[in-house]
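> how does the following fold in three dimensions:
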Amino acid sequence: MKKIVIQGIPYDQKSSFLRGAALAPPIIRQTFHSEAYNSFAENGINVDSPFVVDKGDFKVNGLEEIEAVTAEHLKEGFRVLTLGGDHAITYPLLKAYAEYYEKIHILHIDAHGDLYDVFEGDPYSHACPFARIMENQLAVRLVQVGIRALNQHQREQVEKYQVEVIEMNDLDVHNVPSFDQPVYISMDMDALDPAFAPGVSHQEAGGLTSREVIRIIQSVKAPIIGADIVEFNPTRDVSGITAALAAKLMKEILSKMLEQ
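I've put the predicted structure just below:
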């Protein structure tokens, strides 16, 4: 089994509305290790494992540095779980991954498609990572779940890149597409309804419940080669609700990675 490295990327320079996601990694980690919880996931696996190594947070000044940090961990033979940060970090993460894995499938859980070609003049905005990923052929399949804010441009991008989109209007968590290739999970905390995750910059009502997201993660049968948890903004959290959920999702993702 390949070991898993946890890396924090406290970067939110590509956020379009509010900053604050850069504060998330140490708060997720602190909550994850809180004495309020134990280290066992719902599948019975203890994620306090010698196969999980936390390398802490990496201060980065741009997307190239994010790619370099990640590439170094992949070179050392790790799978990588990244704590962000805004969603712009997913593009350099996948650039690094594409050097080591072929035919990557992505499970993207989000309220937004993040498929803009350019947003507010920036092609590397947190609203654009999956356009960059798909145009550069860093993945062969992109499945998006929980989407509820597509405009006409993004619908055109969906068609252009043949993205499989399960919008909230059509969601059946018992029938999320399966995967037959290695999967990378990108977990945007605003996929959840603000009732479950108020601590995000873009609160989009009508979203997933915490149980629905956990069920989606638990349904993945293909090997999970990496993941990121992004867009948690602690400055908007209420009583640590979103921090607790981010830590819970981190535990469930780690346990699925350890299971395979």
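
> going forward, measure contacts and count neighbours with C-alpha atoms only.
Noted.

> which one is residue 247 nearest to, not counting chain neighbours?
residue 32 (4.9 Å; Cα to Cα, 6 or more residues apart in numbering).

> which ones are touching the closest residue to residue 98 other than its chain neighbours?
Leaving aside its sequence neighbours, residue 98 sits nearest to residue 138 (Cα to Cα, 6+ apart; 5.6 Å). Neighbour list for residue 138: 94-95, 98, 104 [criterion: Cα atoms under 8 Å, 6 or more residues apart in numbering].

> who's in contact with the residue nearest to residue 247?
Each residue near residue 32 by Cα under 8 Å, 6+ apart is listed here: 244, 247-248, 250-251.

> quick check, pLDDT for it.
Note on residue 32: pLDDT of 97.

> ok, so of the contacts of residue 32, who is nearest residue 187?
residue 250 (9.5 Å; Cα to Cα).

> what score does the nearest residue to the closest one once chain neighbours are set aside have for pLDDT?
Using Cα to Cα, 6+ apart and skipping the chain neighbours, the partner closest in space to residue 250 is residue 229 (7.5 Å). Residue 229 carries a pLDDT value of 99.

> mind listing what the strand or helix carrying residue 229 pairs with, with the direction of each?
For residue 229, the element it lies in under DSSP states H and E is strand 224-230. Within its sheet, and counting by DSSP bridges, strand 224-230 is paired with strand 79-84 (parallel), strand 183-188 (parallel).

> show me what contacts the nearest residue to residue 141 once chain neighbours are set aside?
Excluding the flanking residues, the one nearest residue 141 by Cα to Cα, 6+ apart is residue 105, at 4.7 Å. By Cα under 8 Å, 6+ apart, the contact set of residue 105 is 139-143, 179, 181-184.

> and residue 9, how close does it get to residue 123?
Residue 9 sits 20 Å away from residue 123 when distances are taken as Cα to Cα, to the nearest Å.

> look at those two and report which has more neighbours.
In this view residue 9 and residue 123 are compared by other Cα atoms under 10 Å, and residue 9 has more residues nearby, 28 against 17.

> if we can go back for a sec, show me the contacts of residue 105 that map onto strands.
Judged by DSSP state E, the subset of the contacts of residue 105 located in strands is 141-143, 183-184.
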